[in-house]
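[1] I need the structure of the sequence given here:
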Amino acid sequence: MGYNLLEHLYEDFIEKDRYMYIVSGLGNTLLITVFALIIGVALGIITSMIKVTYNQGSRGPLMKVLNLIVGIYLTVIRGTPTVVQLLISYFIILQNVDNGIIIAIIAFGINSGAYVSEVFRSGIQSVDKGQTEAGRSLGLSWSQTMRRIVLPQAVRNVAPAIFNEFITLLKETSVAGYVGIQDLTKAGDIIRSVTFDPYPPLLLVALIYLVLVIAMTQVLHVLERRVARREAR
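    Numbers count the residues shown, from 1 in each chain. Just a heads-up that it's a prediction; the model follows:
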């Protein structure tokens, strides 16, 4: 007996409104990705500023402690798998938090921050030192110079890399199902477990990820071209 595609599509998605698993899962995936990236960018800016400040010679007691904390944070997060960090956050650190999506946002945000930090550090260092000197000569403090002159230029320089981190983060959130969160991948697996038919739900999940990544990659290329044109001026 052959494989009746239409029959399986009906059973997998239409019957009992099972397509809503996919819709809900996609929504959760995008929600986790967007807010985790916001946390990651915030952490990345803060930690990169600390590293740059320390490396430029500010070695006071407070800065030494902050630099040590940042160093440990970057080493631990970059040196351990994302899924392990998610499990530790869910079952140990944030076990009293009832909302799994919030836990995932925090866990993925902290993970993303460790990688965004290096992106911003490179972006800050790519700004000509003459910009900093010009700001200081105008009477601006170091923090004012960074905030008003250096950081805006660094953000423009690293915008494509940050968008690329968004694409990476979108795919990394597919492990959220390990802690029972109904993301896009988990939604497809739920349908598979109910209908015992792996083909349509899992292939649809893969297709949705593919379409999202292709679309965002095109946006990334546009950003890269704009940055390249700006630098050519």
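[2] Which helix or strand lies directly C-terminal to the longest helix along the chain?
    Secondary structure of the chain read by DSSP state H shows that its longest helix is helix 19-55. Using DSSP states H and E, the helix or strand that follows helix 19-55 towards the C-terminus is helix 61-79.
[3] Counting by contacts, list what that next one packs against.
    Where contact means 3 or more Cβ pairs under 8 Å, 6 or more residues apart in numbering; DSSP states H and E, helix 61-79 is packed against helix 19-55, helix 100-126. Yep, even glycine has a C-beta here, placed from its N, CA and C like the rest.
[4] now it against helix 100-126, angle please.
    If you take axes from the mean of the first three to the mean of the last three Cα atoms, to 10 degrees, helix 61-79 sits at 120 degrees to helix 100-126.
[5] How many residues are close by His220?
    Quick fix: residue 220 is Leu, not His. 19 (other Cβ atoms under 10 Å).
[6] residues in contact with Leu220?
    Pro160, Phe163, Asn164, Ile167 (Cβ atoms under 8 Å, 6 or more residues apart in numbering).
[7] if you set the cut-off to 7 Å instead, what comes out?
    Pro160, Phe163, Asn164 (Cβ atoms under 7 Å, 6 or more residues apart in numbering).
[8] could the residues you listed be laid out in CSV, adding secondary structure?
    Shown next, in CSV, are the contacts of Leu220 (DSSP: H, G, I helix; E, B strand; the rest coil):
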residue, secondary structure
Pro160, helix
Phe163, helix
Asn164, helix
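[9] Do I have it right that Ile181 meets Ile101?
    Yes: between Ile181 and Ile101 there is a contact under Cβ atoms under 7 Å: 6.2 Å.
[10] list residues touching both of the two?
    Asn28.
[11] Compare the two (neighbour count), which wins?
    Ile181 (22 against 16).
[12] Distance-wise, check the residue nearest to that one when sequence neighbours are not counted relative to Val34.
    With Cβ to Cβ, 6 or more residues apart in numbering as the criterion, Ile181 has its nearest non-adjacent residue at 4.5 Å, and that residue is Gly100. Counting by Cβ to Cβ, to the nearest Å, the separation of Gly100 from Val34 is 17 Å.
[13] and Pro152, how many residues sit next to it?
    12.
[14] I meant Asp128, not that one.
    10.
[15] Please tell me the pLDDT value assigned to it.
    Asp128 carries a pLDDT value of 81.
[16] In this structure, where is pLDDT below threshold?
    Residue ranges of the chain with pLDDT under 70: 1-3, 231-233.
[17] follow-up on the earlier one: now the longest helix of the chain: how far from the chain's centre is it?
    4 Å (Cα atoms, centre = their mean, to the nearest Å).
[18] in it, what's buried?
    19, 21-22, 24-26, 28-29, 32-33, 35-37, 39-41, 43-45, 47-54 (16 or more other Cβ atoms under 10 Å).
[19] Please apply the same query to stretch 4-19.
    Leu9, Glu11, Asp12, Phe13, Arg18, Tyr19.
[20] Tell me the one among the contacts of Leu220 nearest to Ala114.
    Asn164 (15.3 Å; Cβ to Cβ).
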